[in-house]
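Asks: need a structure here:
(4 chains)
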Protein chains: 2
Amino acid sequence: MEKNITHETNNNLQTLVETNDFIRQLSIDCVIFGFHNKSLKVLMLKYFNLDIWALPGGFIFRDENVDDAAYRLLYERTHLDEIFLEQFYTFGNKNRTESDIHNRLTKNKEIDLPKDHWLFERHISIGYYALIDYTLSSTFPDAFSEKCEWFDVHNLPKEIAFDHREIIEKGMEFLRKNLDYKIYGSNLLPEKFTMKELQNLYECILGEPLRRNNFQRKMLSLDFLERLEKKFDGSANKAPYYYKFKK
Amino acid sequence: MEKNITHETNNNLQTLVETNDFIRQLSIDCVIFGFHNKSLKVLMLKYFNLDIWALPGGFIFRDENVDDAAYRLLYERTHLDEIFLEQFYTFGNKNRTESDIHNRLTKNKEIDLPKDHWLFERHISIGYYALIDYTLSSTFPDAFSEKCEWFDVHNLPKEIAFDHREIIEKGMEFLRKNLDYKIYGSNLLPEKFTMKELQNLYECILGEPLRRNNFQRKMLSLDFLERLEKKFDGSANKAPYYYKFKK
DNA sequence: GCAAAAGTGTTCTCTGTACACCCATGC
DNA sequence: GCATGGGTGTACAGAGAACACTTTTGC
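Replies: Numbers count the residues shown, from 1 in each chain, chains lettered A, B, ... in the order given. This is a model prediction of the structure:
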């Protein structure tokens, strides 16, 4: 998805919470998937001075397309653009953000906000998911957090903010549908990859083993792979071909 | 979907626009599908004194679950509950509600609102779709509209408010996916129906003819139909069975 | 040559499709 | 009986699953 980045989030929390440019009670949360070492990973942020992890997300400027906002937030966390990014669901339970996390956080940062500050209001969140190349990514914390980390989707941190665990779950569910089309458009794998690596990716997402030979035939029949040179890595077996996605 | 109706929209426009109980800049639009005479229909509302039609929709109370709000809005337009209702997409282009419709409308109702009234703000809208039994439905206009009417999805009114045409389109697209599961949970058909009627419904939604005999086999194999007595309507041919959905 | 892993062939099953045939109904 | 439309049988094609076999690689 190619979008226009028309805005920029202020990375200083004090300044951020003082702005009045955001749509109230509405936010975006991004499930950013990466793939590494046979495991599917999700990028999460650790809140400043708290042992709580959250999805990268943020707010929408009053004069900004929602898709553009999602794209901007992804860019701010990864500095990547031209990335596969799709909206999948909007989370609107009234108590989903009932929590003192933001309160504790701002206190940790020694920022004093009135009880009725917009940050503490109930928020409805639009969920997006992105598929990016783990090996290319640097990651950048936002104004609320002290660091970013990748987590295996089957080994998420113990304490997760708000309903973000549910959002990840629903994002996974969504990802599994129409997987071929999404993998094809995605950036989960490096430019060149072997059939084995592609199979590992599928197995991770689907959560079940696939048969090597049938998988190969299936992928080739989808007609989106281009066969490249062989990969010689010194191992004592037949060298696999590299593949890349057709343009 | 069984939900709690915890709130009520005021049906008087003057009172409605004076309330401050809604989440700002956020709305819900419902694509309510019905089925009648071999055609798939969508419920639309005609704005008061304007030749503009819109989807039934409304706003979310600050202390109301979004799903409950959608359910409430459906109930207010149809007085039906226990209805198949699902969120499908959130529409967030910044200019989607740039229009003087609300302005003209309130003028028609002789309601004077300041230019910065919340009604005129940009709105992001969460799309839901419902599948209801046309034959059971009465319909009730809301505070903005003077009447409700069903439109064939292939013959929508000429002038449609905002991006509601696009919302209907996307709702249709969504409906076509996983159709079996949705039809099963739906209320599009009356309690008892013939295989022919079910086939007509499928053909309408998919937009293509299906083979009578293969369709019958497919439906029976899905194992969600219960065969009832035969339908004798006086026509000179073999009487079809009635079916109903299994519990 | 040998083990390991990649690539290809073959068979079987199941689903979906196209065609045919039989059955009930009211006149 | 006969036209009409509903219900079922069957044969064929394609996709997917399970199996076997061949090929390539470094030691």
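Asks: Under the pLDDT cut-off, which ranges of chain A? List them.
Replies: Across chain A, the ranges flagged by pLDDT under 70 are A:1-3.
Asks: what does it have sitting close to chain B?
Replies: Chain A comes close to chain B at residues A:23-26, A:60, A:62-67, A:69, A:87, A:89-90, A:92-94, A:122, A:124, A:126, as judged by C-beta under 8 Å from any C-beta of the partner chain. Quick note: C-beta positions are derived from backbone N, CA and C, even for glycine.
Asks: From these, keep the buried residues only.
Replies: Of the members of the residues of chain A next to chain B, the ones counted as buried by neighbours, 16 or more other C-beta atoms under 10 Å in any protein chain shown, are A:23-26, A:60, A:64-67, A:69, A:87, A:89-90, A:92-94, A:122, A:124, A:126.
Asks: Distance check, the residue of chain A found nearest DNA strand D against A:R212.
Replies: Residue of chain A nearest DNA strand D, by C-beta to the nearest atom of the strand: A:K238 (2.9 Å). Counting by C-beta to C-beta, to the nearest Å, the separation of A:K238 from A:R212 is 13 Å.
Asks: Those two: which is more packed in?
Replies: Using other C-beta atoms under 10 Å in any protein chain shown, the more surrounded residue of A:K238 and A:R212 is A:R212, with 10 against 6.
Asks: What separation is there between A:S125 and A:E197?
Replies: Taken as C-beta to C-beta, the span from A:S125 to A:E197 is 33 Å.
Asks: Neighbour count: these two, which is higher?
Replies: A:S125 (22 against 19).
Asks: elements contacting the longest strand along chain A?
Replies: Identified as the longest strand of chain A according to DSSP state E is strand A:26-36. Counting contacts by 3 or more C-beta pairs under 8 Å, 6 or more residues apart in numbering or on different chains; DSSP states H and E, strand A:26-36 packs against strand A:39-47, strand A:57-58, helix A:66-78, strand A:124-131, helix A:164-176, strand B:22-36.
Asks: out of these, deepest packed?
Replies: strand A:124-131 (a mean of 25; mean count of other C-beta atoms under 10 Å in any protein chain shown).
Asks: Can you dump the C-alpha atoms of it in PDB for me?
Replies: Provided in PDB are the C-alpha atoms of strand A:124-131 (Å, rounded to 0.1, in the frame of the first residue of the first chain):
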ATOM      1  CA  ILE A 124     -12.100   2.900  20.100                       C
ATOM      2  CA  SER A 125      -9.300   1.500  18.000                       C
ATOM      3  CA  ILE A 126      -9.000   0.600  14.400                       C
ATOM      4  CA  GLY A 127      -6.800  -2.500  13.900                       C
ATOM      5  CA  TYR A 128      -4.300  -2.700  11.000                       C
ATOM      6  CA  TYR A 129      -1.800  -5.400  10.300                       C
ATOM      7  CA  ALA A 130       1.500  -5.100   8.400                       C
ATOM      8  CA  LEU A 131       3.800  -7.700   7.000                       C
END
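Asks: Hmm, A:I52 is touching A:H164, no?
Replies: No - at 9.7 Å, A:I52 does not count as touching A:H164 under the criterion of C-beta atoms under 8 Å.
Asks: quick one: the strands in chain A?
Replies: Under DSSP E, chain A gives strands at A:26-36, A:39-47, A:53-54, A:57-58, A:84-91, A:124-131, A:145-152, A:193-194, A:225-230, A:241-245.
Asks: Now those in CSV, please, with extra columns for distance to A:K218.
Replies: What follows is the strands of chain A, written out as CSV (distance: least, C-beta to C-beta, whole Å):
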stretch, distance to A:K218
strand A:26-36, 19
strand A:39-47, 20
strand A:53-54, 36
strand A:57-58, 35
strand A:84-91, 21
strand A:124-131, 20
strand A:145-152, 26
strand A:193-194, 16
strand A:225-230, 11
strand A:241-245, 13
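Asks: Quick check: which of these is nearest to B:V17?
Replies: strand A:26-36 (20.8 Å; C-beta to C-beta).
Asks: Partner strands of that closest one and their direction?
Replies: Sheet pairing of strand A:26-36 (DSSP bridges) gives strand A:39-47 (antiparallel), strand A:57-58 (antiparallel), strand A:124-131 (parallel).
Asks: That one vs strand A:84-91, what angle?
Replies: The directions of strand A:26-36 and strand A:84-91 differ by 130 degrees, with axes from the mean of the first three to the mean of the last three C-alpha atoms, to 10 degrees as the criterion.
Asks: Would you list the phi and psi of the closest residue to A:H79 other than its chain neighbours?
Replies: Spatial nearest neighbour of A:H79, excluding adjacent residues (C-beta to C-beta, 6 or more residues apart in numbering or on different chains): A:S138 at 6.3 Å. Note on A:S138: backbone dihedrals following degrees, to the nearest 10 are phi -100, psi 160.
Asks: residue contacts, the residue most central in space within chain A?
Replies: When C-alpha atoms, centre = their mean is applied to chain A, the residue found nearest the centroid is A:I32 (0.8 Å). With contact set as C-beta atoms under 8 Å, 6 or more residues apart in numbering or on different chains, A:I32 has these partners: A:V42, A:L43, A:P56, A:L74, A:R77, A:T78, A:Y129, A:A130, A:I132.
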